[in-house]
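Asks: Attaching a predicted model along with its sequence, questions to come.
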Amino acid sequence: MTVPDADSALDPAESQAAIQRFLDRLWLERGVSRNTQASYRSDLTLLSRWLAARGTPLTAATEADLRDYLAARRLSPRSQARLRSSLRQFYRHLHADRQRDDDPTARLDSPRTGLRLPRTLHEREVERLLEAPATDNALGLRDRAMLELMYASGLRVSELVTLKRTGVDLRAGVVQVLGKGGRERLVPMGEHAMEWLQRYLRDARPQLAGAGEPEGLFLTARGQTMTRHNFWRLVKHYAAQAGIRSSLSPHTLRHAFATHLLEHGADLRSLQSLLGHADLSTTQIYTHVARARLRDLHAEHHPRGDRRRPGT
């Protein structure tokens, strides 16, 4: 392996330049999101500082260096796995770009993280959540339309709040979504969501927009585009109002959308397309959720079901 001059390679600016070249390659080849880029940058910057204290350039780290670093970071198995993924991507990039003749991460095994199932809601809980907003005012109509659309289309929160007014086609019953990596897709919204969205556009959005012409579909009381944080606060508020006491995540309705589709017979490939997953393996997590839910339903309702099963 060709090792750069030690003095220049230990310069933080040199390390940041190497990291930026790596991120540029990722963006060009895979279109990774800004959040993913920021995560990689943070991981590699911390590693660079740790290596510099040992007199080792970021681009010249050995397998032993990386093992020592991972041992020094007292992280959960899941965080360790994410960090190892960042390191693998970077050093594989250096190897593929012939900046190194080896890959120091080749023998780094990922820790077992277990299967983390997304939290979802039963259909009756979703109904209570959707019916929670009072729809006799503009804000309530907006909130009902947002909840209905997110559940009907399985959108990510970021996709929901960044929808453009021009991206809604009520005649075709679809919305144009800008997903991860800048990938666009058309997603059907269903009759209920269409009805509530039509009411919002007719009776509420003009009031919220005022004299302005904002591009965003969903607006705040000040006529500005809704944010992730504001929408998440609304979800928690309506969940409490609906008597849903279990913890929720910002994507709970998206998880419910996927799980309920599978429970009612949807196939994985169709679900992958609707969710905007680049890899089918990401979608497969929902098969485990659906199977677990079906086992619980069987245990609770079948005459010979094992009622001890839930929680065992």
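Replies: It's in.
Asks: Would you list the phi and psi of Gly210?
Replies: phi 60, psi -140 (degrees, to the nearest 10).
Asks: pLDDT at it, what is it?
Replies: Per-residue pLDDT puts Gly210 at 87.
Asks: Pull the residues that contact stretch 97-110.
Replies: Applying C-beta atoms under 8 Å, 6 or more residues apart in numbering, the contact partners of stretch 97-110 are 1-2, 25, 59, 61-63, 65-67, 70, 80-81, 84-85, 87-88, 91-92, 94-95. C-beta: built from backbone N, CA, C; applies to glycine.
Asks: can you map out the strands along the stretch 101-250 of the chain?
Replies: Secondary structure of the stretch 101-250 of the chain by DSSP state E, counting those that start in this stretch: the strands cover 168-169, 174-178, 184-188.
Asks: and Leu160, which of those strands is closest to it?
Replies: Among the strands of the stretch 101-250 of the chain, the nearest to Leu160 by C-beta to C-beta is strand 174-178 (8.7 Å).
Asks: where are the low-confidence patches of the stretch 151-300 of the chain?
Replies: 181, 278-300 (pLDDT under 70).
Asks: Among the contacts of stretch 97-110, which ones are in strands?
Replies: Among those, no residue falls in strands (DSSP state E).
Asks: which residues sit in contact with Ser86?
Replies: Going by C-beta under 8 Å, 6+ apart, Ser86 touches Ser39, Tyr40, Asp43, Leu44.
Asks: on that earlier part again, of all the strands of the stretch 101-250 of the chain, which lies closest to Thr162?
Replies: Nearest to Thr162, of the strands of the stretch 101-250 of the chain and by C-beta to C-beta, is strand 174-178 at 6.4 Å.
Asks: Gly276 contacts Arg183, correct?
Replies: Yes. Between Gly276 and Arg183 there is a contact under C-beta atoms under 8 Å: 6.6 Å.
Asks: Which one's more surrounded, those two?
Replies: Taking neighbours as other C-beta atoms under 10 Å, Gly276 and Arg183 compare with Gly276 leading, 21 against 11.
Asks: Leu170: neighbouring residues, count only.
Replies: Summarising burial for Leu170: neighbours were counted as other C-beta under 10 Å, giving 13.
Asks: ok, back up a step: can you tell me which of the contacts of stretch 97-110 are in helices?
Replies: 25, 63, 65-67, 70, 80-81, 84-85, 87-88, 91-92, 94-95 (DSSP state H).
Asks: which of those residues has the most neighbours?
Replies: Neighbour counts for the ones in helices among the contacts of stretch 97-110, by other C-beta under 10 Å, peak at Tyr91, which reaches 24 neighbours.
Asks: if you skip the residues just before and after it, what's nearest to it?
Replies: Excluding the flanking residues, the one nearest Tyr91 by C-beta to C-beta, 6 or more residues apart in numbering is Thr105, at 4.9 Å.
Asks: coming back round to it: Serialize the contacts of Ser86 to TSV and add fields for distance to Trp50 and secondary structure.
Replies: Formatted as TSV, those follow (distance: C-beta to C-beta, whole Å; DSSP: H, G, I helix; E, B strand; the rest coil):
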residue	distance to Trp50	secondary structure
Ser39	17	helix
Tyr40	16	helix
Asp43	11	helix
Leu44	11	helix
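Asks: For the residues you listed, give me JSON lines that also has neighbour count, pLDDT and distance to Ala53.
Replies: Converted to JSON lines, these look like this (neighbours: other C-beta atoms under 10 Å; pLDDT from 0 to 100; distance: C-beta to C-beta, whole Å):
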{"residue": "Ser39", "neighbour count": "16", "pLDDT": "90", "distance to Ala53": "22"}
{"residue": "Tyr40", "neighbour count": "20", "pLDDT": "92", "distance to Ala53": "21"}
{"residue": "Asp43", "neighbour count": "20", "pLDDT": "94", "distance to Ala53": "17"}
{"residue": "Leu44", "neighbour count": "22", "pLDDT": "95", "distance to Ala53": "15"}
